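Enquirer: my questions concern the predicted model and sequence given below.
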Amino acid sequence: MRDIAIKADKLTKKFDDFVAVDAITFDVHQGEIFGFVGANGAGKTTAMRILCGLSKPTSGSATVAGFDVYKETERIKRNIGYMSQKFSLYDDLTVMENITFYAGIYGLSDKEIKARGESLLSQLGISHEAKTFVSSLPLGWKQKLAFSVAVIHEPKIVFLDEPTGGVDPVTRRQFWDLIYEAADRGITVFVTTHYMDEAEYCNRLTVMVDGRIDALDTPANLKKQFSVDSMDKVFYQLARAAKRSGD
Amino acid sequence: MRTLKFLLQKEFKQIFRSKSIIFSIVFAPIIQLILMPLAANYEVKNIYVAFVDHDHSSYSQKLINRVYSSIYFKAAPYSASYDDAMHLIEQNKADIIVEIPQGFEDNLVRESHDKLYLAVNAINGTKAGVGSGYLGSIIRDFNQDIQLQWKQPGHFAEAQTIDVVTNNWYNPYMSYFLFMVPGLMVSLLTGIGAFSASLNIVREKEIGTIEQINVTPIRKYHFLLGKLIPYWCLGMIVFTIGMLVSRLIYGIVPVGSIPLLYGFLAVYLLTLLGAGLLISTYSDTQQQAVSVAFFFVLIFNFISGIFTPIDSMPEWAKVLAYISPISHFAQVMRMVVLKGSGWSDVLPHLGAVFALGVVLNTWAVLNYRKTT
């Protein structure tokens, strides 16, 4: 049995009367690519924000990298990387300045910053763009850069909140290559998406409907369980029952 | 400390790359400091006086000449009757009417006294008050001259008047600039302190980068210091530019110690930036932050004593003025620049501003939430 990276037990988040996350229970193993799939408004982002220490749960318990989401949010933050659907790099800084800034606040030394920054740029094939302002990069590059910056400090877990929103399928495929490379280095990847082709790329995934987890398994087992041949159909079967609509 | 280094590096780069920040922080204040004192001048000139002379005597002519020879008064078109003159006031061509009654000279000569009638357009209260004051003193002078001319030598007892000699300490020539420019500097620095850092933080909220910051192990006070220090430095630079402008253009050289001014400013900026940070922790959009900051800055500017004396305000306003850092800074600026007050005179003000700064900054740090 591999180590547990994330453990949630009846984790719940209410906003007044609205139950955004409804008693979800799951484990994520170290080094796994774990997907959170669901329609808009299903509660994916809220659940992820709790696990990242950005939001306090209402009830239930959870640990991330062994730290409690109620009391040890700051220790969690030292062990994770995060990339949100909102673009997180500074437009008015250059590529290298963004790398330096984020690496710096995670406590990397000047030497490490230089070495990792250069290898990151050559891995992305944009070494010649080091001094380009982020604002003038194409969206696909920005997303890949944002992901690489989110894991520059080699965190135990990286949280990706709909990371490929708005990019073309080719870039999405390249983006997932980056995710696989990170997983190969032992980084646990927790990713939310509503693209079903991306759901197929995950080791295991859950489908969230109305704040609940209605299914959790590998993509192959889920398809078998619902006797269908694609994740799309699994999703439709589950999501048809949803009472909430969009966000 | 290393975290702070990276935060500051980032912040300074962004500031110096943003043309709008550089403009609003460096050039706008200079322009304001040059234009505002010229426009917002309380000295009243160009008061149009309409004489309605029913006497047409040599004395009435002397009085009219005396008034028009003053730099404050200008001649309104001639009017034959009081109604005519009233028309001029209605058309805004005259500010004051002086009616000289028929038989003015005769009465003065025979009975040693007569009455003049003054009508003042009081729509502009300042102009009306100051104008009729000036006019009154000119007429008084005229009156004395006549008395001296007519009294027989040896009858001094009757001509006795009390002559009041006023000495204007600290601003002997009653220079309006000397009074107003230091006050306007306070106003400018207040704007920079209250708006710059808070807008910057709220902007990061709007773009979403603040969420990325909140998932890092950055400490709250590191983040806030990273925002506070750059704008504190900018405030110091703006003040330096302002001091140069007021020296070069208005010839104002502080009588007191310049390090004392910088020392007070250092604390003042911390307090104002703290207020800005606090506002930013309660605001989600730049519009919110601006309207809240504007509300407070406007009110506290009006009761700061920069434009009107605090002593003549009602009690509740005096209490507000005492809490407000703006009024303390305005007083200190004038005390040091005009009077040359020293550290011990400034200390009570420094204490009040410092205490408020501690409260505001602590409040801001406590209210800044990395986790909601």
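Expert: Thanks, I have the structure now.
Enquirer: touching chain A at all, stretch B:363-372?
Expert: Yes: using Cβ under 8 Å from any Cβ of the partner chain, stretch B:363-372 reaches chain A at B:370-372. C-beta coordinates here come from the backbone N, C-alpha and C atoms, glycine included.
Enquirer: mind checking which of those residues are buried?
Expert: Taking 16 or more other Cβ atoms under 10 Å in any protein chain shown as the criterion, what is buried in the residues of stretch B:363-372 next to chain A is B:370-371.
Enquirer: among the residues of stretch B:363-372 next to chain A, which ones are in strands?
Expert: If you go by DSSP state E, the residues of stretch B:363-372 next to chain A have nothing in strands.
Enquirer: can I get the residues of stretch B:363-372 next to chain A in TSV including pLDDT?
Expert: Shown next, in TSV, are the residues of stretch B:363-372 next to chain A (pLDDT from 0 to 100):
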residue	pLDDT
B:K370	79
B:T371	75
B:T372	76
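Enquirer: got the contact list for the residue of the stretch 1-150 of chain B found nearest chain A?
Expert: As assessed by Cβ to the nearest Cβ, chain A sits closest to B:F6 within the stretch 1-150 of chain B, at 3.4 Å. The contact partners of B:F6, by Cβ atoms under 8 Å, 6 or more residues apart in numbering or on different chains, come to A:100-101, A:104-105.
Enquirer: same question, B:Y231
Expert: B:Y231 touches B:192-193, B:196-197, B:200, B:269, B:273, counting by Cβ under 8 Å, 6+ apart.
Enquirer: mind listing the helices for chain A?
Expert: For chain A, the helices defined by DSSP state H cover A:44-51, A:73-79, A:95-105, A:110-124, A:139-150, A:169-184, A:196-201, A:219-225, A:231-239.
Enquirer: of those helices, give the one that comes closest to chain B.
Expert: Here helix A:95-105 is closest among those (Cβ to the nearest Cβ), at 3.4 Å.
Enquirer: can you find the helix or strand in the chain with the smallest mean pLDDT?
Expert: I went with chain A, as the question did not name one. helix A:231-239 (a mean of 84; mean pLDDT, DSSP states H and E).
Enquirer: wrong one, I was asking about chain B
Expert: Within chain B, confidence by mean pLDDT, DSSP H and E is lowest for helix B:156-159 among all helices and strands, at a mean of 52.
Enquirer: next secondary structure after that one?
Expert: helix B:176-207 (DSSP states H and E).
Enquirer: quickly check: the helix or strand following that next one near chain A or not.
Expert: The C-terminal neighbour of helix B:176-207 among helices and strands, as given by DSSP H and E, is helix B:209-214. Yes: using Cβ under 8 Å from any Cβ, helix B:209-214 comes into contact with chain A via B:209, B:211-214.
Enquirer: for PyMOL, what selects the buried ones among the contacts of B:Y231?
Expert: Those of these that count as buried under 16+ other Cβ under 10 Å are selected in PyMOL with:
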select buried, chain B and resi 192+193+196+197+200+269+273
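Enquirer: how about the residues of chain A by chain B?
Expert: A:52-56, A:73-74, A:77-78, A:80, A:82, A:84, A:86-93, A:97, A:100-102, A:104-107, A:159.
Enquirer: change it to 7 Å
Expert: Neighbours of chain B within chain A, by Cβ under 7 Å from any Cβ of the partner chain: A:52-56, A:73-74, A:77-78, A:80, A:82, A:84, A:86-88, A:90, A:92-93, A:97, A:101, A:104-107.
Enquirer: just the buried ones among those residues, please.
Expert: The neighbour-count test (16+ other Cβ under 10 Å) marks A:52-55, A:73-74, A:77-78, A:80, A:82, A:84, A:87-88, A:90, A:93, A:97, A:101, A:104-106 as buried among the residues of chain A next to chain B.
Enquirer: quick one: name the residues of the stretch 151-300 of chain B near chain A.
Expert: B:208-209, B:211-212, B:214-218.
Enquirer: show me the shaky parts of chain A.
Expert: A:1-2, A:244-247 (pLDDT under 70).
Enquirer: from the structure, what's the count of residues near residue 114?
Expert: This is for chain A. 15 (other Cβ atoms under 10 Å in any protein chain shown).
Enquirer: wrong one, I was asking about chain B
Expert: B:D114: 17 neighbours (other Cβ under 10 Å).
Enquirer: how is chain B divided into domains?
Expert: Segmentation of chain B into domains, based on automatic domain parsing, reads B:2-40+B:175-367, B:47-159.
Enquirer: returning to what we had before: closest to chain A among the residues of helix B:209-214 next to chain A?
Expert: Closest approach to chain A among those (Cβ to the nearest Cβ): B:Q212, at 3.8 Å.
Enquirer: pretty sure the closest one sits against A:F87.
Expert: No: in this structure B:Q212 lies outside contact range of A:F87 using Cβ atoms under 7 Å: 9.3 Å.
Enquirer: confirm that B:M86 sits in a helix.
Expert: Yes: judged by DSSP: H, G, I helix; E, B strand; the rest coil, B:M86 forms part of a helix.
Enquirer: would you state the helices of the stretch 201-350 of chain B in chain order?
Expert: B:209-214, B:220-248, B:258-282, B:286-302, B:315-323, B:325-334, B:343-367 (DSSP state H, counting those that start in this stretch).
Enquirer: how about the second one: buried residues?
Expert: If I follow you right, that is helix B:220-248. B:220, B:222-232, B:234-235, B:238-239, B:241-243, B:245-246.
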